[in-house]
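Visitor: with the sequence up front, the predicted model follows.
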Amino acid sequence: STDRAMLIQLAEVETFGVLEAILHSFVRTEHRPELDLLKRCVKRSTDKGRLAAVRLAAQQDTPHFEWLVGLLDPSYPLSSIAVAQALGASTNPKATRHLQGILTDGDAPTQLKRAARTALAQLHSQLGHQGGGLTVFEEGDGRVSLVEADEGALSEPSPDLEKPNH
């Protein structure tokens, strides 16, 4: 439609709040703009606009894995959470590494770490039958340790060697 063509033209030039509104209207109307347009938009957008762009990219037939990973940025928490969710849904084994990176990043906000843990669990269940096991352990002080297991087996952190009973 003419409106959509006009919105796409505006998306090429607008910034921040206006661009955010345009991207959200694409989400609402289920319009799927070209990935190249989204790539150009995120550079000029707010976190909420980036969030809409991530959602639009994640809806496309081929989730644009490398580009999404490049949008992970603690200073954009909303869109980074959406990236983590998209990675969890991606069934791409490489996503585990990027999600682990979020968990070990001292700057990552708590909500983003929570989203990354959920996404890892989702990936784990999807990849489990392919033999790519991954387990996440949360320790009492909030630190997270990751244990990778072969053959999809769950592995426990190894206990201290037991002292022989006398």
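Guide: In hand now; what should we look at?
Visitor: quick one: low-confidence ranges for the protein?
Guide: 63, 129-166 (pLDDT under 70).
Visitor: counting by contacts, list what the top helix by length along it packs against.
Guide: If you go by DSSP state H, the chain has its longest helix at helix 110-127. With contacts defined as 3 or more C-beta pairs under 8 Å, 6 or more residues apart in numbering; DSSP states H and E, helix 110-127 has these neighbours: helix 77-88, helix 95-103, strand 133-138. Quick note: C-beta positions are derived from backbone N, CA and C, even for glycine.
Visitor: buried residues in the second one?
Guide: Neighbour-count burial for helix 95-103, with 16 or more other C-beta atoms under 10 Å as criterion, is recorded at 95-96, 98-100, 102-103.
Visitor: distance to Thr118 added to these, as JSON lines?
Guide: Compiled in JSON lines, the buried residues of helix 95-103 are given as follows (distance: C-beta to C-beta, whole Å):
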{"residue": "Ala95", "distance to Thr118": "13"}
{"residue": "Thr96", "distance to Thr118": "13"}
{"residue": "His98", "distance to Thr118": "14"}
{"residue": "Leu99", "distance to Thr118": "10"}
{"residue": "Gln100", "distance to Thr118": "14"}
{"residue": "Ile102", "distance to Thr118": "11"}
{"residue": "Leu103", "distance to Thr118": "11"}
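Visitor: quick one: which of the residues you listed is nearest Leu120?
Guide: Nearest to Leu120 among the buried residues of helix 95-103: Leu99, at 4.9 Å, using C-beta to C-beta.
Visitor: ok, that closest one - contacts?
Guide: 84, 87-88, 116, 119-120, 123 (C-beta atoms under 8 Å, 6 or more residues apart in numbering).
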